[in-house]
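Visitor: Provide a 3D model corresponding to the input given below.
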Amino acid sequence: MADQRNVRPTDAELAILRVLWDRGPSSVRQVREATGERGVRYTTTLKTMQNMTEKGLVHRDQSRVSHVYSAAIEEEPTQRRLVGEFLDRAFGGSAAKLVMQALAAGDISADELKEIRKLLKDKGTGNERTR
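Guide: Numbers count the residues shown, from 1 in each chain. Down below sits the predicted model:
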């Protein structure tokens, strides 16, 4: 896996990584279809994925006719790092402000609310679970 501290994926790269994290190894065509980006050319997706290979964000398996790409960085550590950076920039490091704004910004399902309550309870009792 790449050194995640130095990797800063763009929004387009994150969209591709989400597909690879969810679906596993995939071809450029499969990634392009899964992102649902209308009007995005195959060559644009290919070039982005080639750049991601150079940056160490994905691995490319060249053993087949159609190259297959897989994520070279892990989902949760990447998300934690990006949230931490955003937390510092936008909320001055205040997790409470971030959570309040996130909850106020949109609808939340009963299942999501239940999960949030459990995480808060676990955090408060020191029983933080590892995902």
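
Visitor: now what about stretch 115-130, what contacts it?
Guide: Ile108 (Cβ atoms under 8 Å, 6 or more residues apart in numbering). In short, each C-beta sits where N, CA and C put it, glycine included.

Visitor: which parts of it are buried?
Guide: The neighbour-count check on stretch 115-130 (16 or more other Cβ atoms under 10 Å) flags nothing as buried.

Visitor: Give me the mean pLDDT for it.
Guide: The pLDDT scores in stretch 115-130 average 79.

Visitor: Distance from the chain centre to it, please.
Guide: Between the centre of stretch 115-130 and the centre of its chain there are 22 Å (Cα atoms, centre = their mean, to the nearest Å).

Visitor: then it to CSV, C-alphas only?
Guide: These are the backbone C-alpha positions of stretch 115-130, laid out as CSV (Å, rounded to 0.1, in the frame of the first residue of the first chain):
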residue,chain,number,x,y,z
GLU,A,115,-25.1,3.9,14.5
ILE,A,116,-24.1,7.5,15.5
ARG,A,117,-25.6,7.0,19.0
LYS,A,118,-23.7,3.7,19.4
LEU,A,119,-20.4,5.4,18.3
LEU,A,120,-21.0,8.2,20.7
LYS,A,121,-21.7,5.8,23.5
ASP,A,122,-18.7,3.7,22.7
LYS,A,123,-16.5,6.8,22.5
GLY,A,124,-17.8,8.1,25.8
THR,A,125,-17.1,4.8,27.6
GLY,A,126,-13.7,4.2,26.0
ASN,A,127,-15.0,1.2,24.1
GLU,A,128,-14.2,2.5,20.7
ARG,A,129,-14.6,-0.2,18.2
THR,A,130,-12.1,-0.9,15.4
